[in-house]
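# no sequence for this one, just the structure:
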Ligand SMILES: [Cu+2]
Ligand SMILES: [Cu+2]
Ligand SMILES: [Cu+2]
Ligand SMILES: [Cu+2]
Ligand SMILES: [Cu+2]
Ligand SMILES: [Cu+2]
Ligand code: NA
Ligand code: NA
Ligand code: NA
Ligand code: NA
Ligand code: NA
Ligand code: NA
Ligand SMILES: [Zn+2]
Ligand SMILES: [Zn+2]
Ligand SMILES: [Zn+2]
Ligand SMILES: [Zn+2]
Ligand SMILES: [Zn+2]
Ligand SMILES: [Zn+2]
Ligand SMILES: [Zn+2]
Ligand SMILES: [Zn+2]
Ligand SMILES: [Zn+2]
């Protein structure tokens, strides 16, 4: 069992950690500024396996950046890692800001664009081989809130990632938010009848598609976060690499409930967790 | 060609067999009670291959349990198999009724919950390794009808399953309703212009996603059975493990039509059948 | 870098080439007639690899056939290839016109049916092993326009295909419209703020599902082309074999933008291209 003290970051803190940057004024324009630094560090994935990750702000996934639709955002991307990297954002922006050009060790790149459209957008390194740069840990979420916001909820982020330990282009371990089985060993506390809003991203390379399942409940799906009313309801959803959705649900009964991909082999390789639903 | 006399159950009977249990009264409450027994038996999958299945009520898939939304249901689960098993239901219920605890040989477990919400819910054994307990045959469908019911139709159930004959975590054979190629060798008779309502479940482990295709026609999709109006129309749909939908269609012309996953390799390994559309 | 002069067909021409056949009158009925010929030819997939394709009208994918909903269509299918083949259409038709019977070398088969319903329908050879007949190149799109048409747009067709060079039931190369990396080496010119309507088909065997992603923009999805209003919006979509959709988008800023499956390994094996957005 891995404790947060053994690793560089705490998956429980990552779960509900939203980085809203800092507001500056420049030539009369308001800009929301984020600082992101790439580097390498060793993750203790379980008692036997350590893994040299490439990461952003010392964590896998990287920071959950968050802005409101229409705001000007600026990402100051510092590369302190030995390899060249980049930050490619999903969403709408110019070709210049697309983040496909390598940023070398020691350099800073500035990405400037309007946060558009509202929704849930992944970002990731786009340097070839992209499979390797992603599966080493260089990815995260950029949430763009609709102008009117969304209803109050217990908001949380989960990014499904895979680890190719032996470089055979298959994953040997999987995780929600960077550390295999963390939420199995440290269940996520939520409250009975409280609306949970889960921002969920599949960032797993090498597997063609992932499923995600919650036990004993159904969820509403807001595909790509691009709607204010749900598209569908289920308790299992299939997501290709880079697909992401908002899932909403509330647990009517207290107790402990599993969540995991319904590819049970993947669940049993680390992509498994629990909700502890506290009575209210 | 496998005949029903060679096997323990008849896929043609399974197709339209709905188990509505028995109604009892207990302390003034009406309860719909189902009896399900786990056991092992050998399936003759084709002329060369027999397979020791773990099954429910002597069949793969297990019985199609059916109730109306809001009814209290009770499942009396008897485990007569040598290994421990469980019945985990999808849908809404308490943590106590989630079916993740092992039920040992000779024991009975009682699962009690409200049939909620309306829709199509898989059930399956949830004992680790889940991939093995599922792929050995311990799964089926629980249909919860909406209070107002659905329009009249020729209703049928198909569960896509895979068989890992040699325990290499890949499937060598596939089937609709337990026996490879059964509906290829014994086409399903339906009537011209008759609405067909197909309750379809993908319960295949080891393959990341399945497709399902019907020839010469389109179907309406009611995702997870959670709607009364269709979400979309196509003739191919992609389904991850444990995804299930209601598909509705009627054939305007008589004749013989194939259905199969559009991964043609999987079709050619047993997951193929025909509709014989009878003129009216 | 492969030039159109090295190959039998020009992927840039294929992109916007719609075959509307010829109108004839027969016994007072109007019929739209298409001519399609199967044959073999060698494709130069890159500087090192040539591949003996089975193809239709000398191209992979075959011709994009196009009609209006409700029109009578007739396909004169000539098989000049040494192996037996067929043309199986998706969409609605009689069992006789389903295209599952082999057409031998030197023979012509006539497929006659009403173009129904409006939408985007694949066609492909349906002779076993279907995986092989498809992956050798015998597939294409049949577009059925809604009676009222669709709004004006820059319309284009992309078919994602895979090539199993060494017959191991895995693909070593992938392509949009037949030639790996063609649109990477010859970007597709589109205009700023011009609506693009992309008819997209996944016809890749052996991979369970593909994703498709465009950079720096979102697309509207018309699933199976069966709607006149979009079902959802994203920039990544997951598609099983034979799934096809209409995607609509317009680029607000000029410049060069990638598109590719977000399974980056597949992108790096040839399924990658660029849009060059010309300022207006
Ligand atoms: Cu469950
Ligand atoms: Cu991406
Ligand atoms: Cu078909
Ligand atoms: Cu399940
Ligand atoms: Cu992108
Ligand atoms: Cu097809
Ligand atoms: Na905005
Ligand atoms: Na590996
Ligand atoms: Na109810
Ligand atoms: Na196997
Ligand atoms: Na019509
Ligand atoms: Na191959
Ligand atoms: Zn990188
Ligand atoms: Zn489950
Ligand atoms: Zn589970
Ligand atoms: Zn079991
Ligand atoms: Zn087909
Ligand atoms: Zn077929
Ligand atoms: Zn063929
Ligand atoms: Zn991307
Ligand atoms: Zn890209």
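Looks like it came in fine. Computed from a predicted structure; not experimentally measured. Ligands and ions are numbered 1, 2, ... in the order given.

# Residue A:42 bridge partners, please.
Legend: beta-bridge partners of residue A:42 under DSSP bridges are residue A:52.

# Contacts only, for it.
Applying C-beta atoms under 8 Å, 6 or more residues apart in numbering or on different chains, we find residue A:42 in contact with A:50, A:51, A:52, A:53. (C-beta placed from N, C-alpha, C; glycine too.)

# try it again with 7 Å
With contacts defined as C-beta atoms under 7 Å, 6 or more residues apart in numbering or on different chains, the neighbours of residue A:42 are A:50, A:51, A:52.

# And those residues, which of them are buried?
Among these, those scoring as buried are residue A:51 (criterion: 16 or more other C-beta atoms under 10 Å in any protein chain shown).

# Out of the contacts of residue A:42, which is nearest to residue B:115?
Nearest to residue B:115 among the contacts of residue A:42, counting by C-beta to C-beta, is residue A:51 at 45.1 Å.

# That closest one and residue A:42: what is the separation?
With distances taken as C-beta to C-beta, to the nearest Å, residue A:51 is found 7 Å from residue A:42.

# My read is that residue A:80 contacts residue A:35, right?
No: between residue A:80 and residue A:35 there is no contact under C-beta atoms under 7 Å: 11.9 Å.

# I'd like to know how many residues surround the closest residue to residue A:179 other than its chain neighbours.
Using C-beta to C-beta, 6 or more residues apart in numbering or on different chains and skipping residues adjacent in sequence, the residue nearest residue A:179 is residue A:11, 5.1 Å away. Number of residues near residue A:11 (other C-beta atoms under 10 Å in any protein chain shown) recorded here: 23.

# mind listing what residue A:11 touches?
A:177, A:178, A:179, A:182, A:183.

# Turn those residues into JSON lines, including secondary structure, neighbour count and pLDDT.
Output for the contacts of residue A:11, formatted as JSON lines (DSSP: H, G, I helix; E, B strand; the rest coil; neighbours: other C-beta atoms under 10 Å in any protein chain shown; pLDDT from 0 to 100):
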{"residue": "A:177", "secondary structure": "coil", "neighbour count": "24", "pLDDT": "98"}
{"residue": "A:178", "secondary structure": "coil", "neighbour count": "24", "pLDDT": "97"}
{"residue": "A:179", "secondary structure": "coil", "neighbour count": "29", "pLDDT": "97"}
{"residue": "A:182", "secondary structure": "helix", "neighbour count": "26", "pLDDT": "97"}
{"residue": "A:183", "secondary structure": "helix", "neighbour count": "25", "pLDDT": "98"}
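
# Among those residues, which one sits closest to residue A:109?
Of all the contacts of residue A:11, residue A:109 sits closest to residue A:178, with 24.1 Å by C-beta to C-beta.

# Grab the nearest non-local neighbour of that closest one.
Nearest to residue A:178 is residue A:60, by C-beta to C-beta, 6+ apart, at 3.9 Å.

# Got the confidence number for the one you found?
Looking at residue A:60, its pLDDT is 97.

# Quick one: the helices in the stretch 151-280 of chain A, in order.
Using DSSP state H, counting those that start in this stretch, the helices of the stretch 151-280 of chain A run over A:182-185, A:264-267.

# Nearest approach to ligand 5 belongs to which of those?
Nearest to ligand 5, of all these, is helix A:264-267, at 24.5 Å by C-beta to the ion.

# is chain B contacted by that closest one?
Yes: applying C-beta under 7 Å from any C-beta of the partner chain, one finds helix A:264-267 touching chain B at A:264, A:265.

# Please say whether there is contact between that helix and ligand 1.
No: Helix A:264-267 lies out of reach of ligand 1 by C-beta under 5 Å from the ion, never closer than 10.8 Å.

# elements contacting that helix?
Counting contacts by 3 or more C-beta pairs under 7 Å, 6 or more residues apart in numbering or on different chains; DSSP states H and E, helix A:264-267 packs against helix B:130-135.

# The helix it packs on and ligand 1, are they touching?
No: using C-beta under 5 Å from the ion, helix B:130-135 never reaches ligand 1; the gap is at least 10.3 Å.

# Can you give the distance of stretch A:222-231 from its chain's centre?
How far stretch A:222-231 lies from its chain's middle: 18 Å, per C-alpha atoms, centre = their mean, to the nearest Å.

# same deal with stretch A:90-105?
Offset of stretch A:90-105 from its chain centre (C-alpha atoms, centre = their mean): 19 Å.

# buried stuff in that stretch?
Quick answer for stretch A:90-105 (16+ other C-beta under 10 Å): A:90, A:91, A:92, A:93, A:94, A:95, A:97, A:98, A:99, A:100, A:103.

# again with stretch A:10-29
For stretch A:10-29, by 16+ other C-beta under 10 Å, it's A:10, A:11, A:12, A:14, A:15, A:17, A:19, A:21.

# just stretch A:106-126 next, same as before
A:109, A:111, A:113-126.

# Ligand 12: which of these is nearest?
Ligand 12 lies nearest to residue A:126 out of these, by C-beta to the ion, at 27.2 Å.

# My guess is that closest one contacts residue A:90. True?
No: with contact defined as C-beta under 7 Å, residue A:126 does not reach residue A:90; the gap is 10.8 Å.

# Keep only those of the buried residues of stretch A:10-29 that are in helices.
A:11, A:12, A:14, A:15 (DSSP state H).

# For the last one, give me its contacts.
Spelled out, it's residue A:15. The contact partners of residue A:15, taken as C-beta under 7 Å, 6+ apart, are A:156, A:157, A:177, A:188.

# Just flag the most distant two among those.
Most distant of these, by C-beta to C-beta, are A:157 and A:188, 11.5 Å apart.

# in the stretch 101-250 of chain A, which spans are strands?
Per DSSP state E, counting those that start in this stretch, the stretch 101-250 of chain A carries strands over the ranges A:108-114, A:119-124, A:139-145, A:154-163, A:173-176, A:188-191, A:196-202, A:210-214, A:219-223, A:232-234, A:236-239, A:244-249.

# for the ones you listed, which one sits closest to residue B:243?
Residue B:243 lies closest to strand A:236-239 among the strands of the stretch 101-250 of chain A, at 5.3 Å (C-beta to C-beta).

# How far does that closest one sit from its chain's centre?
A distance of 16 Å separates the centroid of the chain from that of strand A:236-239, by C-alpha atoms, centre = their mean.

# Pop the domain breakdown of chain A in here.
As assigned by automatic domain parsing, chain A contains the domains A:4-145, A:154-278.

# Report the spatially nearest residue to whichever residue of the stretch 51-200 of chain A sits closest to ligand 19, omitting neighbours in sequence.
The minimum distance from the stretch 51-200 of chain A to ligand 19, using C-beta to the ion, falls at residue A:169 (31.6 Å). Nearest non-adjacent residue to residue A:169, counting by C-beta to C-beta, 6+ apart: residue A:206, 5.5 Å away.

# What is the nearest of the contacts of residue A:42 to ligand 1?
Of all these, residue A:51 has the smallest distance to ligand 1: 29.8 Å, by C-beta to the ion.

# Verify the stated contact: that closest one with residue A:165.
Yes: if you go by C-beta under 7 Å, residue A:51 and residue A:165 touch, sitting 6.4 Å apart.

# sorry, back to before: CSV for the buried residues of stretch A:10-29, including distance to residue B:252?
Output for the buried residues of stretch A:10-29, formatted as CSV (distance: C-beta to C-beta, whole Å):
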residue, distance to residue B:252
A:10, 60
A:11, 55
A:12, 57
A:14, 55
A:15, 52
A:17, 56
A:19, 57
A:21, 58
